[in-house]
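Asks: sequence-free structure coming up:
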Ligand SMILES: O=C(O)C1=C[C@@H](OP(=O)(O)O)[C@@H](O)[C@H](O)C1
Ligand SMILES: C=C(OP(=O)(O)O)C(=O)O
């Protein structure tokens, strides 16, 4: 546990921050390289806890990683995956993307993780694999064991993916390596975070896989090889948004590198920041957000970008009129129950927050600093940092939680604030 006092700048921000590679793109690029027909070279892959654990998990299955100068890594797939013990940490991408690869190995692979990982939903994914003949012990939650037989029959699977888009992505990523491919149907309440499914389909298509959305809740992947691909990983736009949010919280301007074309959820991210009072300007390869120091009250639907909930909640708590967040009921199953955690921490700081079935209602209050619980959750830590820009004395219980997706969040934050 490392406590960290959030810096409160005395002058408006003026900063450019270079945010590391996308967690979601790195995880997919590693998994697809592991499944490919030849080695792939990736540049700018994220190096943080989730992606280190992903490398360790894939290495355990027989994949080789050779680091080269210039942030490049060559990923060499094995002829056959070898069953092994897999450590998922608290990464949704590992507990949901790696089991289908373990099913393609010979023998049992047991999946373990942090205590918090055991509360995260994984059953729909594992039940989906069971529908096409994969044997799994304790398919309810981490820890579980996948008994691989070297092949997966594939075919039609129906699951309830309302708990996480990662159930869909995890099955689609490996579907081309199933003997009959995959036709995946969702049955249940709305699937969240759809831009992440679009990212999965785009990265599959880019590697020569015939992967399509047949209907809003149905996807098909035809069997075939997954082509090796050399790729430059884009910056993580959700993590970039944390820094852009800072300009809205205290005023000034923050610039981050931003790809000119992306399949990350840029529309949802930039429109949320604009709704909260940010003036968003696109430059060539960058985005700048300017803020006046006054957060606009807003009613924000984050169905497409639920990872923003924590920082949007912190900003709305700073708004003189508060606001509302909708469309994110499923984040009760993220790194922690984020709606409960935000309600508890923001109320402890003097805001008046209550949960709704699918989000939060946030009313203003007289805000004060104090200990900010981080719940082993990087995005709860980000929220505390954003709040602390404007409220002196916010102390994060454990800034180490941020290493999940950024190796040096405190360093980047200090650089931005000019501390
Ligand atoms: O596929 C991915 O890379 C992700 C999908 C989303 O999951 P949910 O659909 O569970 O929100 C997102 O929140 C998570 O951070 C990353
Ligand atoms: C939900 C998140 O992560 P994970 O990939 O572990 O699901 C997140 O990063 O906000």
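Replies: Received it, and whenever you're ready, just let me know what you need. Remember, predicted model here, so these are calculated numbers, not experimental data. Ligands and ions are numbered 1, 2, ... in the order given.

Asks: need the residues of the stretch 301-419 of the chain near ligand 2, please.
Replies: Residues of the stretch 301-419 of the chain lying near ligand 2 by Cβ under 6 Å from any ligand atom: 307, 334, 379, 405. C-beta here means a position set from N, CA and C on the backbone, and glycine is covered the same way.

Asks: quick one: the last one and residue 46 touch, right?
Replies: In other words, residue 405. Yes - the pair residue 405 / residue 46 is scored as a contact, 6.9 Å apart, by Cβ atoms under 8 Å.

Asks: overlap in contacts of the two?
Replies: Jointly contacting residue 405 and residue 46 under the rule Cβ atoms under 8 Å, 6 or more residues apart in numbering are 23, 236.

Asks: now for the residues of the stretch 301-419 of the chain next to ligand 2, which pair is the farthest apart?
Replies: 334 and 405 (12.4 Å; Cβ to Cβ).

Asks: Check the contact lists of these two and give me the overlap.
Replies: With Cβ under 8 Å, 6+ apart, residue 334 and residue 405 have no common neighbours.

Asks: Identify the spatial nearest neighbour of the residue of the chain found nearest ligand 2, chain neighbours not counted.
Replies: In the chain, the residue that lies nearest ligand 2 is residue 92 (2.5 Å; Cβ to the nearest ligand atom). Among residues not flanking residue 92 along the chain, residue 166 sits closest, at 5.2 Å (Cβ to Cβ, 6 or more residues apart in numbering).

Asks: any idea how far residue 391 is from the one you found?
Replies: Look at residue 166 and residue 391: by Cβ to Cβ, to the nearest Å, they are 34 Å apart.

Asks: What is the neighbour count of the residue nearest to residue 349 when sequence neighbours are not counted?
Replies: Nearest non-adjacent residue to residue 349, counting by Cβ to Cβ, 6+ apart: residue 367, 5.4 Å away. Per other Cβ atoms under 10 Å, the neighbour tally for residue 367 reads 17.

Asks: ditto for residue 66
Replies: 11.

Asks: A strand includes it, no?
Replies: Yes - counting by DSSP: H, G, I helix; E, B strand; the rest coil, residue 66 is located in a strand.

Asks: Tell me how far it lies from ligand 1.
Replies: 25 Å (Cβ to the nearest ligand atom, to the nearest Å).

Asks: show me what contacts that residue?
Replies: 73, 74, 76.

Asks: out of these, which one sits closest to residue 251?
Replies: Using Cβ to Cβ, residue 73 comes nearest to residue 251 of the contacts of residue 66, at 39.7 Å.

Asks: That closest one contacts residue 65, doesn't it?
Replies: Yes - with contact defined as Cβ under 8 Å, residue 73 reaches residue 65; the gap is 5.7 Å.

Asks: Tell me which of those two has more neighbours.
Replies: Using other Cβ under 10 Å as the criterion, residue 73 and residue 65 rank with residue 73 on top: 20 against 17.

Asks: On the pLDDT front, check the closest residue to residue 61 other than its chain neighbours for me.
Replies: Closest residue in space to residue 61, ignoring its immediate chain neighbours: residue 81 at 4.5 Å, by Cβ to Cβ, 6+ apart. For residue 81, the pLDDT comes out at 98.

Asks: residue ranges of the helices in the stretch 201-350 of the chain, please?
Replies: 237-250, 266-275, 309-318, 338-348 (DSSP state H, counting those that start in this stretch).

Asks: Residue numbers of this protein in contact with ligand 1?
Replies: So far as Cβ under 6 Å from any ligand atom goes, the chain lies against ligand 1 at 24, 27, 92-93, 164-166, 169, 192-193, 196, 306-307.

Asks: Any idea how many residues pack against the residue lying closest to residue 382 once chain neighbours are set aside?
Replies: Closest residue in space to residue 382, ignoring its immediate chain neighbours: residue 242 at 4.5 Å, by Cβ to Cβ, 6+ apart. For residue 242, the count of nearby residues is 30 (other Cβ under 10 Å).

Asks: Pull the contacting residues for residue 342.
Replies: Residues in contact with residue 342 (Cβ under 8 Å, 6+ apart) are 309, 310, 313, 353, 360, 380, 383.

Asks: same check, this time on residue 71
Replies: Contacts of residue 71 by Cβ under 8 Å, 6+ apart are 43, 44, 45.

Asks: what's the spacing between it and residue 312?
Replies: For residue 71, the distance to residue 312 - Cβ to Cβ - is 31 Å.

Asks: and if you look at residue 79?
Replies: Separation of residue 79 from residue 312 (Cβ to Cβ): 47 Å.

Asks: Name the spans of the chain whose pLDDT lies under the cut-off.
Replies: 419 (pLDDT under 70).
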